[in-house]
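Asks: Sharing a model that was predicted from the sequence below.
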Amino acid sequence: MSGLPADILELEISETFALNNDEAIKPLQELHNAGINLAFDDFGTGYASLSYLTKFPVSRIKIDCSFIARIPDDPENAAIVRSLIAMAHNLKLGIIAEGVETAAQARFLIEERCEEAQGFLYAEPLSATDFEAYMREQRLALDVALPRQKPTYMGVASLPRPLARSSRKGPRS
């Protein structure tokens, strides 16, 4: 046993996995009953029907970066993302947007009440040591900018500025 509380662990399953593994529902339900959170990763890219959201014990969906990349400039794509966010809220599911690279995308997601986002706008993938340094830096930045508020580090609004992009040139797809 690791001693890690089950409720702070989240396992991601892809739509493709769900499509091909009906026999996985029972073990995933057991994990869910033990308090472990499950998320549908890359949501919207597979061919699963919406019934999979009720069939599998997921607590969150992650909107695939291919949808995020085209907002807010593509009205049809923005409508899809807006609908996915509303659907998640109506089903009492958490939602996270993957692949946020621009301030315009982040603003759109905040306006649409997307709780969390991840992507190069905030930070590139980091080693454990670099992550600790990054969090210390963010904490210090928040302490200076918001001395009376406790930072949460839980989403778009909690990170006040992007990490310096060093040698990276332009957005990644």
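Replies: Yes, it's here.

Asks: Walk me through the domains of this protein.
Replies: 6-121, 125-162 (automatic domain parsing).

Asks: So what would you say the end-to-end distance of the longest one is?
Replies: The first and last residues of domain 6-121 sit 30 Å apart, counting by Cα to Cα, to the nearest Å.

Asks: Now it: average pLDDT?
Replies: What domain 6-121 shows for mean pLDDT is 88.

Asks: so where do the helices sit in this protein?
Replies: Along the chain, the segments classed as helices by DSSP state H run 15-20, 25-33, 52-55, 65-68, 75-90, 103-111, 128-145.

Asks: can I get the ones you listed in JSON lines with mean neighbour count?
Replies: Quick note: C-beta positions are derived from backbone N, CA and C, even for glycine. Shown next, in JSON lines, are the helices of the chain (neighbours: other Cβ atoms under 10 Å):
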{"stretch": "helix 15-20", "mean neighbour count": "16"}
{"stretch": "helix 25-33", "mean neighbour count": "13"}
{"stretch": "helix 52-55", "mean neighbour count": "14"}
{"stretch": "helix 65-68", "mean neighbour count": "20"}
{"stretch": "helix 75-90", "mean neighbour count": "15"}
{"stretch": "helix 103-111", "mean neighbour count": "17"}
{"stretch": "helix 128-145", "mean neighbour count": "12"}
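
Asks: so which of the ones you listed comes closest to L9?
Replies: For the helices of the chain, proximity to L9 was assessed by Cβ to Cβ; helix 25-33 is nearest, at 8.9 Å.

Asks: Contacts for that closest one next, please.
Replies: L11, I13, L38, K55, F56, P57, S59 (Cβ atoms under 8 Å, 6 or more residues apart in numbering).

Asks: ok, of these, which come out buried?
Replies: I13, L38, F56 (16 or more other Cβ atoms under 10 Å).

Asks: and of the residues you listed, the nearest to I95?
Replies: For the buried ones among the contacts of helix 25-33, with I95 as the reference and Cβ to Cβ as the criterion, the closest is L38, at 13.8 Å.
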